[in-house]
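Participant: Sequence first, then the predicted structure, then my questions.
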Amino acid sequence: MNDKPVLVALDYPDAETALAFADKLSPQLCRVKVGKELYTRSGASLVESLQARGFDVFLDLKFHDIPNTVAGAVRSAAELGVWMVNVHASGGRRMMEAAANALQAYQQPPILIAVTVLTSMSDDDLRELGYTESAAERVSRLAALTQSSGLDGVVCSAMEAPGLRADRGDDFCLVTPGIRLAGDDAGDQRRVLTPADAVANGADYLVIGRSITAAADPIAALERVHRELEIIG
Ligand SMILES: O=C(O)c1cc(=O)[nH]c(=O)n1[C@@H]1O[C@H](COP(=O)(O)O)[C@@H](O)[C@H]1O
């Protein structure tokens with residue numbers, strides 16, 4: 001397991017609330033994720049405020065567009081100095097290759113990963129969209145495509161991590177949302193595991209939002225995650 005496996009999802013409506021929460025966290029203990037809700041309102045300046053506090057930032061905007069547009073978006077993320085950035089694997093090989101190529105100009109580029117199948121999707125949801133593969137099969141296909149397109153890893157559920165680790169090797173980065181502390185409500189997530197099970201399955205990084213941010217005592221919840229990981233670590 002790497003030194004800081006927890007990526008706390010700052011799914012807050014504005015910079016003030018997000019920074020007030022971040023100020024309770026330590027950049028020595030976790031990294032933070034800025035997603036669509038917060039970025040749409042507060043943008044690059046919020047990312048810079050988090051970086052000024054010492055946090056590595058995962059910019060989770062899940063780019064999915066034509067290759068030229070995604071290459072430009074990923075370049076903007078690199079200029080912002082983020083630690084990790086993501087695209088949708090379903091944008092296809094040419095889109096992912098354009099994104100990977102765009103980062104070649106940077107000495108310290110962000111880690112570039114691709115979302116396979118959202119952790120909120122079940123096999124039934126995929127069937128309704130016309131896919132005949134299960135979520136696990138589709139994740140496996142998209143992870144192979146992601147790797148051969150030159151990216152560093154994928155976003156997947158920790159349920160798929162054992163197969164991906166075996167097929168894609170130790171250096172392929174597995175980032176797993178859909179994490180819940182035992183007893184917490186899954187909410188809209190469908191492919192869910194606990195922190196300890198996710199790491200035991202081979203996940204490199206755990207994206208955790210509501211199990212920490214919606215807890216009565218968020219810092220105690222983060223400490224509970226760390227204790228859980230040390231038990232198996
Ligand atoms: O790319 C992501 O981070 C992501 C991919 C995915 O498949 N599922 C998923 O939940 N996420 C993000 O991970 C976070 C999960 O939040 P919680 O369900 O509150 O822990 C949210 O910010 C999602 O946007």
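Facilitator: Yep, that arrived. Numbering: from 1, shown residues only.
Participant: unless I'm mixing things up, Asn101 is touching Val70, no?
Facilitator: No. With contact defined as Cβ atoms under 8 Å, Asn101 does not reach Val70; the gap is 10.7 Å. Every residue, glycine included, has its C-beta placed from N, CA and C.
Participant: Quick one: neighbours of Ser148, just the number.
Facilitator: 11 (other Cβ atoms under 10 Å).
Participant: show me what contacts it?
Facilitator: By Cβ atoms under 8 Å, 6 or more residues apart in numbering, the residues touching Ser148 are Arg93.
Participant: what separates it from the ligand, distance-wise?
Facilitator: Ser148 is 21 Å from the ligand, where distance means Cβ to the nearest ligand atom, to the nearest Å.
Participant: on that earlier part again, more neighbours, Asn101 and Val70?
Facilitator: Val70 (21 against 14).
Participant: so what's that one closest to, chain neighbours aside?
Facilitator: Nearest residue to Val70, sequence neighbours excluded (Cβ to Cβ, 6 or more residues apart in numbering): Phe63, at 4.7 Å.
Participant: try Leu19
Facilitator: Ser49 (5.9 Å).
Participant: Can you tell me what sits against the helix or strand bottoming out on mean pLDDT in the chain?
Facilitator: Ranked by mean pLDDT, DSSP states H and E, the helix or strand of the chain with the weakest confidence is helix 218-232, at a mean of 88. When contacts are defined by Cβ under 8 Å, 6+ apart, helix 218-232 is touched by residues 1, 5-6, 8, 21, 24-25, 29-30, 181, 194-196, 199-200, 206, 208, 211-212, 215.
Participant: Which strands or helices does the top helix by length along the chain pack on?
Facilitator: As assigned by DSSP state H, the longest helix anywhere in the chain is helix 36-52. Identification of packing neighbours for helix 36-52 by 3 or more Cβ pairs under 8 Å, 6 or more residues apart in numbering; DSSP states H and E yields helix 15-22, strand 31-34, strand 57-63.
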